[in-house]
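Q: have a look at this fold, sequence not included:
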């Protein structure tokens, strides 16, 4: 009887790591799904913040804002500036959360693959020792003979480098957009001040002086726009010049490649045996008159 009661004990020790590995795989799958759901939600919020930022930019550059932009220090100006700063801060926070979740999902995927590998090894070797009996002082090389853990570690390092480069690129783009918005606000502020000065002068000066001041304002505005257009044209001309140089280089390379690919024409050299003609040895009687005519011409 005692022997009968002791028989199931090895089976329980063998089956326990199998159940634990299955539970770990299930928990890892659920956590991975939750992280994916959170990531989708954060990406949707990120897109919403970008749309709000574009709407704010359009509202600043619209016709009404061009005619009557908010003055610095006023309540609408401060409200717009506060909304812009809060949107930028929220966008940075969301980007960091998305990057963290993405790296966490990569780690969860690596853990899931490792657990599935361990589960398959337990199924293939049910009589082997359980994970609870593995010596903790065993070197990593003996536990990872196939290099799976090392490959996962290298994959995580590569993913972290990729995420870091993406984050730096997004930060540069965000900084450029933020500087453009600040320049746009500054330009609108200057235009507002000029329009206010023009309006104040129009209330004091006569109609002719008002027309002259308005013309000066328009000339100044058009001159500034022309300078901006000239800068853009110079930039485009420089880009066109570089593209033309690249095109010429490509054409030269193609011509050189075609010239090298064409088979060289080999001159036909057919040897001929030289003959020395000493005279006519035989002729027909009917050709006598014709031969005499040719001899007379000579």
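A: Nice, I can see it. In this text, all values refer to a predicted model and were calculated from it rather than measured experimentally. Residues are numbered from 1 along each chain as shown.
Q: element containing residue 90?
A: helix 75-124 (DSSP states H and E).
Q: quick check, residue 166 in contact with residue 99.
A: Yes: between residue 166 and residue 99 there is a contact at 7.5 Å, judged by C-beta atoms under 8 Å. Where C-beta positions appear, they are placed from N, C-alpha and C, glycine not excepted.
Q: can you give me the pLDDT of the closest residue to residue 109 other than its chain neighbours?
A: Take residue 109 and drop its neighbours on the chain: the residue closest to it by C-beta to C-beta, 6 or more residues apart in numbering is residue 32, 6.7 Å away. Per-residue confidence at residue 32 stands at 72 (pLDDT).
Q: show me where the stretch 101-250 of the chain has strands.
A: Listed in chain order, the stretch 101-250 of the chain contains no strands at all (DSSP state E, counting those that start in this stretch).
Q: where are the low-confidence patches of it?
A: 111-148, 202, 205-206, 210 (pLDDT under 70).
Q: show me where it has its helices.
A: Taking DSSP state H, counting those that start in this stretch to define them, one finds helices in the stretch 101-250 of the chain at 140-143, 148-204, 207-261.
Q: any chance of these in CSV, plus distance to residue 55?
A: Converted to CSV, the helices of the stretch 101-250 of the chain look like this (distance: least, C-beta to C-beta, whole Å):
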stretch, distance to residue 55
helix 140-143, 54
helix 148-204, 13
helix 207-261, 25
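Q: for these, give me TSV that also has distance to residue 37 and mean neighbour count.
A: Below are the helices of the stretch 101-250 of the chain laid out as TSV (distance: least, C-beta to C-beta, whole Å; neighbours: other C-beta atoms under 10 Å):
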stretch	distance to residue 37	mean neighbour count
helix 140-143	34	9
helix 148-204	20	13
helix 207-261	44	10
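Q: figure out which of the ones you listed is closest to residue 40.
A: With C-beta to C-beta, the closest approach to residue 40 among these belongs to helix 148-204: 17.5 Å.
Q: relative orientation of that closest one and helix 207-261 in degrees?
A: Calculated by axes from the mean of the first three to the mean of the last three C-alpha atoms, to 10 degrees, helix 148-204 forms an angle of 150 degrees with helix 207-261.
Q: which neighbouring elements make contact with helix 148-204?
A: helix 8-61, helix 63-67, helix 75-124, helix 207-261 (3 or more C-beta pairs under 8 Å, 6 or more residues apart in numbering; DSSP states H and E).
Q: any idea which element residue 289 lies in?
A: Counting by DSSP H and E, residue 289 is found in helix 288-297.
Q: quick one: mean pLDDT for that helix?
A: On average, helix 288-297 scores 68.
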